[in-house]
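> Need coordinates for the following:
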Amino acid sequence: MESPSPEWVRVQAEAATVSLIQEAVRRARGKGQLIQDLAELGIEGRGGRPKYSDSAVRQWLKGESLPATPVVFALALHYGLRVDAFLWQDDLGAKVARLVQEAAQLRDALEEVEGLVFQLVQHTGYEPDQRQAKRQAGATD
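Residues are numbered from 1 along each chain as shown. Model prediction:
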């Protein structure tokens with residue numbers, strides 16, 4: 001099995017981060033509470049104010065930007081989430097990609113077989129449909 005591309009790994013990591021944040025917001029019962037919880041965990045801005053705004057969390061949820069890794073781990077620990085569960089939750093996506101690749105290979109093989117059948121018909125002048133018709137005629141005799 002070949003190694004995944006760095007781009008695939010990056011996309012999977014970003015998707016896992018977004019999924020983890022979505023679950024953290026769900027468990028916090030809203031973005032506002034999540035922001036307060038981050039401040040209580042010591043992740044705060046100057047003067048004890050929240051470091052992250054509602055807008056920042058909204059961007060995280062959309063995958064438009066992502067928090068720093070320590071913030072992701074703090075959220076996971078605080079809400080009892082396993083980071084690895086989010087990393088490989090898109091196993092279905094990997095299976096679909098593998099199936100798409102296999103389908104492309106099967107399509108190529110089918111085209112090759114069709115080409116060989118066409119060459120055979122050209123060479124012999126014998127149509128596969130004629131063979132089936134002869135079988136059916138023989139069955140009715």
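> quick one, helices of the chain?
Along the chain, counting by DSSP state H, helices occupy 6-28, 31-40, 54-62, 69-78, 83-87, 91-124, 128-140.
> burial measure for residue 22, as a count.
Residue crowding around residue 22 was assessed by other CB atoms under 10 Å; the count is 13. Where C-beta positions appear, they are placed from N, C-alpha and C, glycine not excepted.
> next one: residue 44
Using other CB under 10 Å, residue 44 has 16 other residues around it.
> For it, which non-adjacent residue is spatially closest?
Taking CB to CB, 6 or more residues apart in numbering as the measure, residue 44 lies nearest to residue 51, with 5.1 Å between them; neighbours along the chain are not counted.
> who touches the nearest residue to residue 62 once chain neighbours are set aside in this structure?
Among residues not flanking residue 62 along the chain, residue 18 sits closest, at 7.8 Å (CB to CB, 6+ apart). Shown in contact with residue 18 (CB atoms under 8 Å, 6 or more residues apart in numbering): 60-63, 66.
> By neighbours, which of those wins?
Top of the contacts of residue 18 by neighbour number is residue 60, holding 25 neighbours under the definition other CB under 10 Å.
> Could you double-check that that residue sits in contact with residue 71?
No - no contact is recorded between residue 60 and residue 71 when judged using CB atoms under 8 Å, the distance being 9.0 Å.
> Give me the neighbour count for the closest residue to residue 25 other than its chain neighbours.
Using CB to CB, 6+ apart and skipping residues adjacent in sequence, the residue nearest residue 25 is residue 34, 5.3 Å away. Neighbour count of residue 34, defined by other CB under 10 Å: 23.
> cool, and residue 99?
The number of residues packed near residue 99 is 10, by other CB under 10 Å.
> who are the neighbours in contact with it?
By CB under 8 Å, 6+ apart, the contact list for residue 99 is empty.
> low-scoring stretches of this protein, by residue?
In the prediction, the chain carries residues with pLDDT under 70 at positions 1, 45, 48, 88-98, 100, 127-141.
> per the record, what domains does it have?
By the record's domain assignment, the chain is partitioned as 6-87, 91-140 (automatic domain parsing).
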